[in-house]
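Chemist: pasting the structure only:
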Ligand SMILES: [Mg+2]
């Protein structure tokens, strides 16, 4: 190849790079195919359609299971507990997100109440087996959720329908705070209405940093050491659809 031919070739390569086609827009969600195009956010599509989402849930539940098995080996049955959030930790509500997008609308308490009443949330990957394993090991399971007390019966029905075992579900009082710390303390001190003795909380699972005792978004600005409980006794799941990070 002559020097001039080489220069032309290199120029062509550079031009191709400079004018490389942009990434095509994401296709509309399949649910929109029968009607006008509907844009489902990438976050919702990732939750509903990616292998990575499923892998992450199975991975985190696997880590949590191994942790709980180690903790159970040195504790008496009935003396310890696992605390789990419900939505986007145990229950998949992404269909609600799709439906709201189809209507061009966002979250409202009324539409959420209607969604919970339909009882159509489904278990996330790994959730059924994890909860069953905790109970098998002698642990109590406290579901601490910010679903309202009025939504609690429908939520408990979904858990029962799908074989999601638990011992107590602590919903958010209708006029109560979203802060979960008081409810976690009630589990630890044995002051929940179900009459359990004080329980040592050996693991907390959630998709929102505020599911974890004393934690909030301000953690984001802390040193890495402030995250030491994560992966140790705290297990966090990905939720790119909504959260206190918004
Ligand atoms: Mg949640």
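Modeler: All right, it came through fine. Please read these numbers as outputs of a predicted model, since none were measured by experiment.
Chemist: surely residue 147 is within a helix?
Modeler: No - assessed with DSSP: H, G, I helix; E, B strand; the rest coil, residue 147 is strand; it does not lie in a helix.
Chemist: leaving out chain neighbours, which residue sits closest to residue 53?
Modeler: residue 47 (5.3 Å; C-beta to C-beta, 6 or more residues apart in numbering). The C-beta positions use only the backbone N, C-alpha and C, and glycine is treated the same way.
Chemist: that neighbour touches residue 241, doesn't it?
Modeler: Yes - the criterion here is C-beta atoms under 8 Å, and residue 47 meets it with residue 241 at 6.0 Å.
Chemist: buried residues in the top helix by length along the chain?
Modeler: Longest helix of the chain, by residue count under DSSP state H: helix 51-72. Of the residues in helix 51-72, 53, 56, 57, 58, 60, 61, 64, 65, 67, 68, 71, 72 count as buried by neighbour count, 16 or more other C-beta atoms under 10 Å.
Chemist: which residues are contacting it?
Modeler: 46-47, 80, 82, 124-127, 129-130, 133-134, 137-139, 202-203, 205, 231-233, 235-238 (C-beta atoms under 8 Å, 6 or more residues apart in numbering).
Chemist: got the residues of this structure near the ion?
Modeler: Residues of the chain lying near the ion by C-beta under 5 Å from the ion: 85, 87, 88, 207.
Chemist: and which of these is nearest residue 156?
Modeler: The nearest member of those to residue 156, counting by C-beta to C-beta, is residue 87 at 13.8 Å.
Chemist: can you report phi and psi for that closest one?
Modeler: Dihedral angles of residue 87 (phi, psi; degrees, to the nearest 10) stand at phi -70, psi 130.
Chemist: count the neighbours of it for me.
Modeler: Residue 87: 22 surrounding residues under other C-beta atoms under 10 Å.
Chemist: and the gap between it and residue 206?
Modeler: For residue 87, the distance to residue 206 equals 10 Å [C-beta to C-beta, to the nearest Å].
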